[in-house]
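>>> model this:
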Amino acid sequence: MTDTTDPLGRPFKRISIQKRDELPLAPGQTSRARRYSGVSVENTDVSGLWFGRVHTGVGEHSDPHHHGEAETGGFVFQGRGYIRFGERYSEIMYFEEGDFVYVPPFVPHIEGNASRTQELIWLTTRNPDNIVVNLTDQDVSDLELEYTD
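Residues are numbered from 1 along each chain as shown. Take a look at the predicted model:
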């Protein structure tokens with residue numbers, strides 16, 4: 001064993017820093033949910049993980065989508081949002097700054113900004129990668145949303 005391998009005998013990967021103003025847009029975007037890759041295969045030696053920042057503008061919401069086999073964890077960094085899911089996306093849960101969100105694999109959902117004045121920003125992590133499956137021709141129920149601000 002040398003100083004260039006980990007305890008399992010694999011070569012050490014390099015530590016890297018991704019500057020906040022230089023993050024690439026992640027592949028597989030969903031309309032009105034802009035994902036920026038922080039730690040991803042696009043900019044590090046990582047495998048089996050995606051960690052990034054998601055921005056949703058005031059009054060905006062994503063198109064229906066799911067994340068395939070990926071498990072998704074999110075931390076609400078700024079703002080107040082919601083996630084819609086279930087039959088016709090008729091179930092809704094609200095979250096706000098400081099909350100954590102979990103989305104299981106293959107669950108179709110819509111995420112949106114529930115603020116009239118502040119951009120929604122959350123930190124999101126997925127394994128094994130940033131899988132985004134956009135869904136078209138979805139029957140989405142009309143819901144009265146609870147906006148703040």
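>>> please name the nearest non-neighbouring residue to the spatially most central residue of the chain.
When C-alpha atoms, centre = their mean is applied to the chain, the residue found nearest the centroid is residue 124 (4.3 Å). In space, and not counting its chain neighbours, residue 124 is closest to residue 74: 4.6 Å by C-beta to C-beta, 6 or more residues apart in numbering. Where C-beta positions appear, they are placed from N, C-alpha and C, glycine not excepted.
>>> ok, the helix or strand harbouring the one you found: who's next to it in the sheet?
Per DSSP states H and E: residue 74 is located in strand 71-78. With DSSP bridges as the test, strand 71-78 is paired with strand 100-103 (antiparallel), strand 120-127 (antiparallel).
>>> can you give me the buried ones in it?
Using 16 or more other C-beta atoms under 10 Å as the test for burial, strand 71-78 gives 72, 74, 76.
>>> among the strands paired with strand 71-78, which comes closest to residue 34?
Closest to residue 34 of the strands paired with strand 71-78 is strand 120-127 (C-beta to C-beta; 9.9 Å).
>>> which is the succeeding secondary structure element to that closest one?
That would be, after strand 120-127 and using DSSP H and E, strand 133-134.
>>> which residues touch that next one?
Strand 133-134 is contacted by residues 28, 30, 31, 63, 64, 65, 66, 67, 68 when judged by C-beta atoms under 8 Å, 6 or more residues apart in numbering.
>>> equivalent analysis for stretch 58-69, please.
30-33, 56, 84, 89, 103, 105-113, 115-119, 126, 128, 131-135, 138, 140, 147.
>>> let's see that with 7 Å instead.
The contact list for stretch 58-69, computed with C-beta atoms under 7 Å, 6 or more residues apart in numbering, reads 30-33, 56, 89, 103, 105-113, 115-119, 126, 131-135, 138, 140.
>>> list only buried entries from those.
30, 32-33, 56, 89, 103, 108-113, 115, 118, 126, 131-132.
>>> residue 119 reaches residue 77, doesn't it?
No. Counting by C-beta atoms under 7 Å, residue 119 sits too far from residue 77 to count as a contact (10.2 Å).
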